[in-house]
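S.K.: Provided below for reference: sequence and predicted model.
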Amino acid sequence: MRVPLLVALLLQVATAAALGQTYSPQSPAPRTTSLPALRALAVRREIEERFTLGLAAESRRDWSSAASEFERIVALRPPEPQGSTARYDLALAYANLQRYDDAARQLRAALALDPGFLAAMANLVAVDLSRGDLREARALADRYVSLAPESARALYSRGIVALHSGDNATARDDFSKLLSVNSSYALAHYDLALAEERLERYDAAERELRTALTLAPGYARARFALGVVLLREGEHAEARNEFARATLDAAGDPALQNIAAAMRDSIKI
């Protein structure tokens, strides 16, 4: 029922299964003539039908239609777990419409209803990064790690926030813990390399970037970052080669391609 937010971030958030909440998909046939009871049953059926429509809209990426369905569900004030689920899905739609402030409000409301809703917590961290609210993002990320200290997504979320806020030591620690469990995650090696480079640990940064590129040879950002690290180490010829390769690998990213080409051309051998 709950799916990950697809917010557009430069640094991707690691994929993880959310804690699902379930409820009966169908209402029983009415066996009462009580008007309040019939009204309650009608509302329940409307909620269920709108959930079906909203999730179908999500699956085809029709975020405006999804938002309309979940807004109506929220207005009907369903009980838990439907209440927090509806707000979570509404936040998903808002985020994909780049309505990040609205998405943040709905995720906070979902957490108020269900404080242990880890998927909402993780996605509020991601939305806060898009909004530039590093203070709330860090508080949530710390809370997330405290609730799920072994979770790769929790460690990655806090590592990214720490990297954005300049806490490179925490970023290094969290990415290192994540990679000790799953060393095949190229993006985490790249992010760890960024933390190591900012801590002026260039040998470690180079090692992580080479590992990332072994796992994902076409990873243009890692290739570019390796060129930067090699420049800092005085390896100009090798750096130029990496920038040249990044120019080719970044064919789908014109901005990165232009920067890589400029760096390549600035190095005179």
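M.R.: It's in. Source: prediction; values computed, not measured.
S.K.: all contacts plus neighbour counts: C-alpha atoms, from now on.
M.R.: Will do.
S.K.: Isn't residue 169 up against residue 197?
M.R.: No - using C-alpha atoms under 8 Å, residue 169 is not in contact with residue 197; the gap is 11.1 Å.
S.K.: Looking at those two, which has the bigger crowd around it?
M.R.: residue 197 (21 against 15; other C-alpha atoms under 10 Å).
S.K.: Leaving out sequence neighbours, find the closest residue to the more buried one.
M.R.: Distance criterion C-alpha to C-alpha, 6 or more residues apart in numbering; nearest residue to residue 197, sequence neighbours excluded, is residue 205 at 5.4 Å.
S.K.: who does the helix or strand where that neighbour lies touch, helix- and strand-wise?
M.R.: Assigned by DSSP states H and E, residue 205 falls within helix 202-215. Applying 3 or more C-alpha pairs under 8 Å, 6 or more residues apart in numbering; DSSP states H and E, one finds that helix 202-215 makes contact with helix 186-198, helix 220-232.
S.K.: for residue 217, helix, strand, or coil?
M.R.: coil (DSSP: H, G, I helix; E, B strand; the rest coil).
S.K.: Count residues in the vicinity of residue 265, would you?
M.R.: Neighbours of residue 265 using other C-alpha under 10 Å come to 12.
S.K.: Identify the residues contacting it.
M.R.: Residue 265 makes contacts with residue 240, as judged by C-alpha atoms under 8 Å, 6 or more residues apart in numbering.
S.K.: related to what we said a few turns ago, quickly list what's touching both of residue 169 and residue 197.
M.R.: Joint contacts of residue 169 and residue 197 (C-alpha under 8 Å, 6+ apart) do not exist.
S.K.: And the contacts of stretch 51-60?
M.R.: Residues outside stretch 51-60 that contact it (C-alpha under 8 Å, 6+ apart): 1, 63, 65, 66, 67, 68, 69, 70, 73, 86, 93.
S.K.: mind checking which helix or strand the third one is in?
M.R.: Which is residue 65. Assigned by DSSP H and E, residue 65 belongs to helix 63-75.
S.K.: counting contacts, what elements does the very next helix or strand once past that helix pack onto?
M.R.: Sequence order places helix 82-96 as the next helix or strand after helix 63-75, per DSSP H and E. Helices and strands touching helix 82-96, by 3+ C-alpha pairs under 8 Å, 6+ apart, are helix 63-75, helix 100-113.
S.K.: repeat that for 10 Å
M.R.: When contacts are defined as 3 or more C-alpha pairs under 10 Å, 6 or more residues apart in numbering; DSSP states H and E, helix 82-96 sits against helix 35-59, helix 63-75, helix 100-113, helix 118-131.
S.K.: what is the orientation angle of the helix or strand just after the last one with helix 118-131?
M.R.: For helix 118-131, the following helix or strand on the C-terminal side (DSSP H and E) is helix 134-147. Angle, helix 134-147 to helix 118-131, by axes from the mean of the first three to the mean of the last three C-alpha atoms, to 10 degrees: 160 degrees.
S.K.: chain center to the worst-scoring helix or strand of the chain on mean pLDDT, what's the gap?
M.R.: Each helix and strand of the chain was given a mean pLDDT (mean pLDDT, DSSP states H and E); the minimum falls on helix 35-59 at a mean of 90. Put simply, helix 35-59 sits 29 Å off its chain's centre (C-alpha atoms, centre = their mean, to the nearest Å).
S.K.: List the buried residues for it?
M.R.: If you call a residue buried by 16 or more other C-alpha atoms under 10 Å, then helix 35-59 has these buried ones: 41, 43-45, 47-48, 50-55, 57-58.
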